[in-house]
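# Sequence and predicted model, in that order:
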Amino acid sequence: MKGFNRKEGQLFIDDVSLKDIAKKFGTPVYVYSANKLKENLNNYVSSVRKEDKVCYSVKSNSNIHILSLLSELGSGFDVVSGNELRRCLEAGAKPEDIVFSGVGKTKEEIRLAISAGIFSINIESEEELERIINISKDLKKQAECTIRINPDLSSESHPYIQTGLKTSKFGVLKEKVDSMARKASESGSVNLKGIASHVGSQIFDKELILENLNLLIEISTHLTKQGHNLRYLDLGGGFGISYQEEKELKIDEVLTEIISVLEPLNLNLILEPGRSISGNAGVLLSKVEYLKKTPDLNFAVIDSGMNDFLRPSLYQAWHDISVVETKDKKELFYKVVGPVCESGDTFGEERLLSLDENSILAIHDAGAYGHAMSSNYNSRLKSSEILIEDEEIKVIRRRETFDDLLRQERDV
């Protein structure tokens, strides 16, 4: 069976036992299913037209081996830093399949993007437009751009992953678009090819996506009447995945509806999905170090910490936690916590589990915003990453060592 499955009480990816992975490579360890990544990307690629672009959001999981796999399967990329752009180029991505978002692009990053000839820089402010014009003139090379609109729409998700409200730092307000488009056109250094927006993450409301689409069409139509030759609408990403039995949108159906609206208008689509491609393709494996009982709570203290996986602490995010190999132990309700010296280092509360010390736990749906957000807090070492396809096991990041941790401090 492809992807995640359970056989005789053990959790597998394809035909590979996660118990064996933990034993061979140690814990904590991130493990990804190549087949699930392929399936998730194909949901997008097979639902769009030739001129449309599916640009995977690199920030969700930036491992170069995963980027290379997705590139080979026809994915473009959405980057938010110069180093993410460099990662994509190292992974074999074509510059013309890369879009660059983010509010704080440095002069060096803009210079890199223009020099590389990427598909689009998503302009997020009047000040950024001025910087792009100056750098383009200095390089004597035209910058390919879109203007990112702040649609002032709420995704009704966690405040930290809402990006489309007028109080957000992202994008420009609608009333600024006319003057910015005119300035870009008159500069002679910027080719304005479209309008972009991104409402936020974990979206389950199709009507919100269509409302955002209609806003972009309205602005694009207005700018076209002003003489601007726009061909692309970038709807961003944000399709939600089911962490706790949420009802996911059917991507193919939503995209079919979007494209049916765009086709008569001769407009092409750009999408920036991240979580919905990598999120449910990965798990974090962790070993139980202690089962600590108090009069009020049963604690399962594991060897993963908030430095390894920040989402539960940062967003109070819910992730399913299961035992990799079922035991004949009595099930109890546990608070699953890590070793980091912070009370917020918690992965789940009231989790009904059958455990003993040394049990291996799988924290599910950890393929997005997992290792990419990890740190060395408490001088903890970053975990390794494993990619599995059928029976092939590939180490795509070795476990960090203490020498790695101190190298930059020793060399000064």
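Structure's in. What do you need? Residues are numbered from 1 along each chain as shown.
# Name the helix or strand for the closest residue to residue 101 other than its chain neighbours, please.
Closest residue in space to residue 101, ignoring its immediate chain neighbours: residue 122 at 4.5 Å, by Cβ to Cβ, 6 or more residues apart in numbering. (Glycine included, C-beta is placed from N, CA and C.) Assigned by DSSP states H and E, residue 122 belongs to strand 120-123.
# How far does that strand sit from its chain's centre?
18 Å (Cα atoms, centre = their mean, to the nearest Å).
# Number of residues surrounding residue 210?
A count of neighbours around residue 210, defined by other Cβ atoms under 10 Å, yields 15.
# Need the contact partners of the host helix or strand of residue 21.
Taking DSSP H and E as the definition, residue 21 sits inside helix 18-25. For helix 18-25, the surrounding residues in contact (Cβ atoms under 8 Å, 6 or more residues apart in numbering) are 10-12, 29, 31, 283, 285, 287, 324-325, 360, 362, 384, 386, 388, 393, 395, 399.
# Let me see the domain layout of this structure.
Domains of the chain are assigned by automatic domain parsing as 4-32+279-410, 102-271.
# Compare those domains and give me the one nearest residue 45.
Of all those, it is domain 102-271 that lies closest to residue 45, at 10.0 Å by Cβ to Cβ.
# secondary structure class for the residue of the chain most remote from its centre?
The outermost residue of the chain relative to its centre, with distances by Cα atoms, centre = their mean, is residue 295 at 40.4 Å. When classified by DSSP: H, G, I helix; E, B strand; the rest coil, residue 295 comes out as coil.
# circling back: burial count for the residue nearest to residue 101?
Neighbours of residue 122 using other Cβ under 10 Å come to 29.
# Ok, the one 5 residues further on next?
Residue neighbour count, defined by other Cβ under 10 Å, stands at 10 for residue 127.
# so who does the most centrally placed residue in the chain touch?
In the chain, the centroid-proximal residue (Cα atoms, centre = their mean) is residue 60; its distance is 2.2 Å. For residue 60, the contact set (Cβ under 8 Å, 6+ apart) comprises 274-275, 277-279, 368-369, 372.
# Next, give phi and psi for the residue nearest to it when sequence neighbours are not counted.
Closest residue in space to residue 60, ignoring its immediate chain neighbours: residue 274 at 3.2 Å, by Cβ to Cβ, 6+ apart. In terms of degrees, to the nearest 10, the main-chain angles of residue 274 are phi -130, psi -70.
# Help me confirm that residue 274 comes into contact with residue 78.
Yes. Contact criterion Cβ atoms under 8 Å: residue 274 and residue 78 qualify, at 7.5 Å.
# more neighbours, these two?
In this view residue 274 and residue 78 are compared by other Cβ under 10 Å, and residue 78 has more residues nearby, 31 against 24.
# Please export the C-alpha coordinates of the helix or strand harbouring the more buried one as PDB.
According to DSSP H and E, residue 78 maps onto strand 76-79. The C-alpha trace of strand 76-79 is given here as PDB (Å, rounded to 0.1, in the frame of the first residue of the first chain):
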ATOM      1  CA  GLY A  76       7.300  25.800  -9.800                       C
ATOM      2  CA  PHE A  77       8.300  27.600  -6.600                       C
ATOM      3  CA  ASP A  78       7.200  30.400  -4.400                       C
ATOM      4  CA  VAL A  79      10.100  31.800  -2.400                       C
END
